[in-house]
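**Student:** Okay, sequence plus prediction incoming.
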Amino acid sequence: MKNLNDLFQLVILDSPIENWENSDTQNVFAKMVTLKKKGYESCYQQGVLPVDTSDFFATHVMLFAKEDNQELTPVMGYKTISLNKCREFNQTFPGLALVTNAKMPEHIEVLNGIISRCEKENRNLAYLGSWTKNPHYDVPANINLKDAFRAFYRQVYREQNVHEVVIGGTLRFRTEKLFFELGHRPLEANGAPLSHIHVAHLVKEPVLVMHSTKFNDDATVAAEKMWAEVWNNRVEIGAAEIKKMPLAV
């Protein structure tokens with residue numbers, strides 16, 4: 001039986017706009033767009049865009065299946081965007097943009113407070129979103145992609161020295177339950193959790209905006225061990241052109 005490293009390749013694409021001349025950047029970015037287009041089209045009606053401006057300066061975490069013909073097929077992916085990158089490119093922090101577009105004043109006030117505190121205390125803040133699976137990929141019965149997400153979630157943020165994370169749990173897919181395991185809690189005002197919002201660009205999809213100030217390592221340690229070889233053999237493509245191994249896409 002093949003191990004996970006025989007089956008999968010992890011690719012981390014960092015801030016594609018800063019390394020666009022690299023052909024690997026362009027290839028992986030195109031595969032990311034294709035993955036999200038297929039994933040979003042399987043869940044949403046026409047009119048929902050799978051990518052936005054932030055995709056050009058985000059960090060994309062992409063899991064590929066290794067095919068017999070040496071091709072890499074996108075299986076799962078998500079993006080994470082730091083507050084520092086938003087400042088660098090003069091963009092609104094995605095978590096704040098989410099609640100602003102939903103016209104939720106309490107959420108806006110709370111998120112502005114989180115942003116201000118993180119900047120004052122020099123705590124690195126990030127937003128995680130666009131977690132997508134390939135609807136046409138048949139996941140082997142003994143593999144749980146949620147475990148892959150658990151493993152890479154913690155390891156990426158450990159590498160990036162991220163201290164706090166804002167995330168949106170889509171109630172329809174119950175992702176808020178997984179995010180709760182990882183240490184996220186709903187935004188709070190005056191000690192009370194705030195309600196979910198309706199995300200404008202996702203045709204009013206109900207989403208619970210959550211925040212973590214501390215990682216629950218107990219929730220990820222088993223997954224990290226399981227996916228350790230895949231993580232250790234990851235390919236990183238970024239502004240500094242860090243590469244762990246050659247990439248064929």
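**Tutor:** Looks like it came in fine. Nothing here was measured: the structure is a model prediction, and the numbers come from that model.
**Student:** correct me, but residue 98 touches residue 196?
**Tutor:** No: Residue 98 is beyond contact range of residue 196, at 11.4 Å (criterion: Cβ atoms under 8 Å). The way it works is simple: take the backbone N, C-alpha and C, and place the C-beta from them, glycine included.
**Student:** of the two, who's got more company?
**Tutor:** residue 98 (25 against 20; other Cβ atoms under 10 Å).
**Student:** Quick one: residues contacting residue 208.
**Tutor:** The contact partners of residue 208, by Cβ atoms under 8 Å, 6 or more residues apart in numbering, come to 168, 169, 171, 176, 186, 196, 197.
**Student:** can you do 7 Å?
**Tutor:** By Cβ atoms under 7 Å, 6 or more residues apart in numbering, residue 208 lies in contact with 168, 169, 171, 176, 186, 196.
**Student:** Over to residue 104?
**Tutor:** Counting by Cβ under 7 Å, 6+ apart, residue 104 touches residue 197.
**Student:** Would you map the helices across the chain?
**Tutor:** All helices of the chain, identified by DSSP state H, fall at 4-7, 23-41, 83-88, 94-101, 105-121, 145-160, 175-181, 221-226, 228-232.
**Student:** packing partners for the longest one?
**Tutor:** In terms of contacts (3 or more Cβ pairs under 7 Å, 6 or more residues apart in numbering; DSSP states H and E), helix 23-41 is packed against strand 8-14, strand 59-66, strand 72-82, strand 125-133, strand 235-237.
**Student:** and stretch 156-170, which residues are buried?
**Tutor:** 156, 157, 160, 162, 163, 164, 165, 166, 167, 168, 169, 170 (16 or more other Cβ atoms under 10 Å).
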